[in-house]
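J.: this one's sequence-less:
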């Protein structure tokens, strides 16, 4: 007998990130999108009143109430739905607080479609192991299997050659300037253009930057990368799904 798919509620107000999350959930075997909202209050009402949600992909910084408040209120209401926190924040205290509230994983922005796909696959393995031991007295090897599957979700998923500190530096500069070339990124990082381009292409694949040709100089046009992740950028925001405002946190 085939088990029912995992129903996922996406709570994300950044258009590009929400699109990647929903696309990957919809394409992943064993998962289905249960809905999308960019409001913490709406997510809270939906999850508490509706048992048709199995997993929440929860942005921590939302325009109305924080994802942490959503988590606290869910747990206070006795709701033990699985939650995967999604955030750009790298504060260790935030991580500890999220873990204390029972999040199954912590997905850092910026992320690629491949990263989301990997985390969903790892969650599916963890959920299957956990479901297999439900309803009977478990033995040691079953406990070990569950925790092995849980630890698998903590594997660093940045591609080879992309480091978190350098990525943060590129994101910070790109958000500040709005657009930059691989040459300019190389100056920020103190690396070669090839290495710098790897970071810019990673952001493009993540949906947080877009690639354009820069004209005006002699010779071939230079490729530039424009930030498209939030409203503070001079780039016009992309359309948000399900009528959400084009905003980012």
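T.: Yep, that arrived. Everything quoted here is computed from the prediction, not taken from an experiment.
J.: which other helices and strands contact the longest helix along the chain?
T.: Taking DSSP state H as the criterion, the chain has its longest helix at helix 113-132. Counting contacts by 3 or more Cβ pairs under 8 Å, 6 or more residues apart in numbering; DSSP states H and E, helix 113-132 packs against strand 6-11, helix 15-27, strand 82-87, strand 105-108, helix 140-152. From N, CA and C alone the C-beta is placed, and that goes for glycine too.
J.: Let's see that with 7 Å instead.
T.: helix 15-27, strand 105-108, helix 140-152 (3 or more Cβ pairs under 7 Å, 6 or more residues apart in numbering; DSSP states H and E).
J.: Show me which parts of stretch 96-111 are buried, residue by residue.
T.: 97-98, 103-111 (16 or more other Cβ atoms under 10 Å).
J.: a markdown table please, covering those residues and showing distance to residue 45 and pLDDT.
T.: Converted to a markdown table, the buried residues of stretch 96-111 look like this (distance: Cβ to Cβ, whole Å; pLDDT from 0 to 100):
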| residue | distance to residue 45 | pLDDT |
| --- | --- | --- |
| 97 | 23 | 78 |
| 98 | 21 | 77 |
| 103 | 20 | 86 |
| 104 | 22 | 84 |
| 105 | 24 | 82 |
| 106 | 24 | 81 |
| 107 | 23 | 85 |
| 108 | 27 | 83 |
| 109 | 25 | 83 |
| 110 | 29 | 79 |
| 111 | 27 | 82 |
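J.: so which of those comes closest to residue 221?
T.: Among the buried residues of stretch 96-111, residue 110 lies closest to residue 221 (Cβ to Cβ), at 25.7 Å.
J.: distance of the nearest residue to residue 34 once chain neighbours are set aside from residue 32?
T.: Leaving aside its sequence neighbours, residue 34 sits nearest to residue 7 (Cβ to Cβ, 6 or more residues apart in numbering; 3.9 Å). Remark: distance between residue 7 and residue 32 (Cβ to Cβ, to the nearest Å) = 6 Å.
J.: the more surrounded of those two?
T.: Per other Cβ atoms under 10 Å, whichever of residue 7 and residue 32 has more neighbours is residue 7, with 18 against 13.
J.: give me every residue that touches the more buried one.
T.: By Cβ atoms under 7 Å, 6 or more residues apart in numbering, residue 7 lies in contact with 32, 34, 52-54.
J.: Just the buried residues from the residues you listed, in PyMOL please.
T.: Here is the PyMOL command that selects the buried residues among these (16+ other Cβ under 10 Å):
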select buried, resi 34+53+54
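J.: Just the ones in strands from the contacts of residue 7, please.
T.: 32, 34 (DSSP state E).
J.: Would you format the contacts of residue 7 as JSON lines with pLDDT and distance to residue 163 included?
T.: Listed next are the contacts of residue 7 as JSON lines, based on pLDDT from 0 to 100; distance: Cβ to Cβ, whole Å:
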{"residue": "32", "pLDDT": "96", "distance to residue 163": "35"}
{"residue": "34", "pLDDT": "94", "distance to residue 163": "35"}
{"residue": "52", "pLDDT": "85", "distance to residue 163": "40"}
{"residue": "53", "pLDDT": "93", "distance to residue 163": "35"}
{"residue": "54", "pLDDT": "92", "distance to residue 163": "34"}
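J.: Understood, closing this out.
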